[in-house]
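Peer 1: need coordinates for the following:
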Amino acid sequence: MVFVLLIDPVEALMLRGKGEFSPTVIGTRNYAISLLIPRPSTVAGMLGTFFYDESNQRNNWLDILIDLFQGKIDKIYGLIPVIKEENKYQLLYPLRYDEDIALFKSKKEICDLIDVIKKGEHDKWEAKLFSAIKANNIIKYISISERLGIALDREKKVTKEHYIYLARYVFPKYKIGVIIKNWIDEEKLVAQLGGEGRVVSILKDDSLKISVAEEGENVNLIDCVNKEASYYSVLTPLVINEDCVEESKDHMVIGKIDKITMGFDIRFKRRKELVTAILEGSVIEKELLDRCEVNGRYSVIGYNAVTCLCL
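Peer 2: The predicted model follows:
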């Protein structure tokens, strides 16, 4: 059975990106900045802790995670922000313009913007797009907290010289919806999310009905009544091969392609791999999925999730 797990942060989160510090900067000008939307590998790692098996001898984090899910979680299809209004849950669809992310309550709002972008000249649609991004900016749904970070010399019980920085935490007012097939019977649980172990509650909710399908073996289709949509909105990073970047740009209406990390491997104390991905909130033409190979290895933990637009 496919349903939505709702992850509700109890405290501010630090969900770090591909590299939070600059080697050329020291002191409070150095920042650790949290991602505004968590990545599937972070959420999947948290869920995997419920089934942790120290005896697993594999040396790859994803293989270990897939082993842990056996017989318990069939698949994570993707993530989507969720808010509660008038005692009903409402999905929020992301739209990205470079580093700016907006969350829309309706796919139609995004489709209207796509229509303007595709038909109009740059100077005509840019103002309308900026206005929509500003009105629906993700900042409406999060609080930001800046804190001073230091490093301690545990033997000398003093701070390490130059190891000082500002950390920018986020506290989402939305819940993180995890679209998942099968889960343990517990209705509500408490867990720790991310490398800093920030506390979250996990609620199993059957009231949110959402359809899932698969496009071949690699892409997870979320809330797609009709697979023949003209465009797709990327819900979680779409992992592509490096040699497909230029092709992808030709079929991306709006959004961003970047290098992202799969996080930090706590067990082996090392960074996980870097991959090339079309980031969440991007809008792509359907043709992109036909022309570019998506790395389906990460689909089982919630990457490569898209939803249909503009049917």
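Peer 1: gap between Lys269 and Ala102?
Peer 2: Plainly put, Lys269 is 37 Å away from Ala102 if you go by Cβ to Cβ, to the nearest Å. For every residue, glycine as well, the C-beta is placed using N, CA and C.
Peer 1: and the contacts of the host helix or strand of Ile110?
Peer 2: Assigned by DSSP states H and E, Ile110 belongs to helix 107-119. Identification of contacts with helix 107-119 by Cβ atoms under 8 Å, 6 or more residues apart in numbering yields 93, 95, 104, 124-125, 128-129, 132, 136, 231, 233, 253-254, 283, 307, 309-310.
Peer 1: which residues are in contact with the most centrally placed residue in the chain?
Peer 2: Nearest to the mean C-alpha position of the chain, by Cα atoms, centre = their mean, lies Arg39 at 3.4 Å. Contact analysis of Arg39 by Cβ under 8 Å, 6+ apart lists 15, 236-237, 260, 262-263.
Peer 1: ok, back up a step: buried ones from the contacts of helix 107-119, can you make that a ChimeraX selection?
Peer 2: Only the buried entries of those go into this ChimeraX selection, using 16 or more other Cβ atoms under 10 Å:
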select :93,95,104,125,129,132,136,231,233,253,254,283,307,309,310
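Peer 1: for the chain, which spans come out with low pLDDT?
Peer 2: For the chain, residues meeting the criterion pLDDT under 70 lie at 17-31, 121-122, 162, 215-216, 225-227, 311.
Peer 1: quick one: the helices in it, in order.
Peer 2: Here the chain has its helices, by DSSP state H, at 40-48, 61-69, 107-119, 122-135, 245-250, 286-291.
Peer 1: longest strand of this protein?
Peer 2: Counting residues, the longest strand in the chain under DSSP state E turns out to be strand 158-172.
Peer 1: identify each buried residue in it, please.
Peer 2: By 16+ other Cβ under 10 Å, the buried positions in strand 158-172 come out as 164-165, 167-170, 172.
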